[in-house]
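Enquirer: output the structure for:
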Amino acid sequence: MDIFSTQFLSALIAIVIIDLVLAGDNAIVIALAARNLPPDLKKRAIIWGTVGAIVVRTAMTLVVVWLLKIPGLMIAGGLLLFWIAYRLLTEQDGDDHAVTPAQSFWDAMKTIVIADAVMGLDNVLAVAGAASGNALLVVLGLLISIPIVIWGSTLILKWIERYPAIIYIGGAVLAWTAAKMVTSEPFAKDWFSARPVLVWVFYALAIGGTLGIAMLVNRRRALSTATAT
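Expert: Take a look at the predicted model:
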């Protein structure tokens, strides 16, 4: 894949958007883990903890990229990514992050790296799917996420609170990535290639269905809350 091709650039943009919408929880965990440290150690813990987490996440993503080459796993990964997109769009505000504040620099580093590895599985799968097996895309996308998590997450969270549509844009990108994974599965690729119209129909149904169901669930939840109060 040529780095100046439309395919490469569109995949890189998709990875950046995925990092934007999925980095919030990881940033919150980092802040919670380091909040009891002295100011000088807190900044160091946030920076080096994030760098360590990104290194671990990059390794995990490259492993997932390799695993997705196993026949059938692209479809399984795509279906799982549809669920991740739905969960992102319908998760309730105020979800508790059970992270014990660290008492030392190294405790904070360990907590940040482990928590990010566990919580970053959705990000890993989404980035691996968007990268379509290109290791350079994986590394570039995750390198871009370092300043996003360290410096940009608070601003991003404020934007999301002010403009909820950002979440739906992220959900659409995840659904698009999931659809791409399903149609790229070797078992199904030839069948879809012979029916290009059905590919567009599948993408439209995948993205529209994911967003539509999530909006319906959110609307019913809002109506139920309003009725209860």
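Enquirer: going forward, measure contacts and count neighbours with C-alpha atoms only.
Expert: Will do.
Enquirer: tell me the secondary structure at Gly133.
Expert: Under the three-state scheme (DSSP: H, G, I helix; E, B strand; the rest coil), Gly133 adopts coil.
Enquirer: give the contact list for it.
Expert: 65-66 (Cα atoms under 8 Å, 6 or more residues apart in numbering).
Enquirer: roughly how far apart are it and Thr111?
Expert: 30 Å (Cα to Cα, to the nearest Å).
Enquirer: for this structure, which helix is longest?
Expert: helix 196-228 (DSSP state H).
Enquirer: I'd like the average pLDDT over that one.
Expert: Mean pLDDT, helix 196-228: 89.
Enquirer: and if you look at stretch 139-157?
Expert: Averaged across stretch 139-157, pLDDT comes to 65.
Enquirer: in which helix or strand does the most centrally placed residue in the chain reside?
Expert: For the chain, Asn123 is the residue whose C-alpha lies nearest the centre (Cα atoms, centre = their mean; 3.3 Å). Asn123 belongs to helix 121-131 when assigned by DSSP states H and E.
Enquirer: pLDDT at Ala76, what is it?
Expert: So Ala76 comes in at 84 (pLDDT).
Enquirer: just give the closest residue to it, not the sequence neighbours.
Expert: Once flanking residues are discounted, Ala76 sits nearest to Val182: 8.0 Å by Cα to Cα, 6 or more residues apart in numbering.
Enquirer: can you tell me the element the one you found falls in?
Expert: Under the criterion of DSSP H and E, Val182 resides in helix 165-184.
Enquirer: ok, the spatially closest residue to Lys42 that is not a sequence neighbour to Ala85 distance?
Expert: Of all residues not flanking Lys42 in the chain, Ala34 sits nearest, at 5.6 Å (Cα to Cα, 6+ apart). Taking Cα to Cα as the measure, Ala34 falls 29 Å from Ala85.
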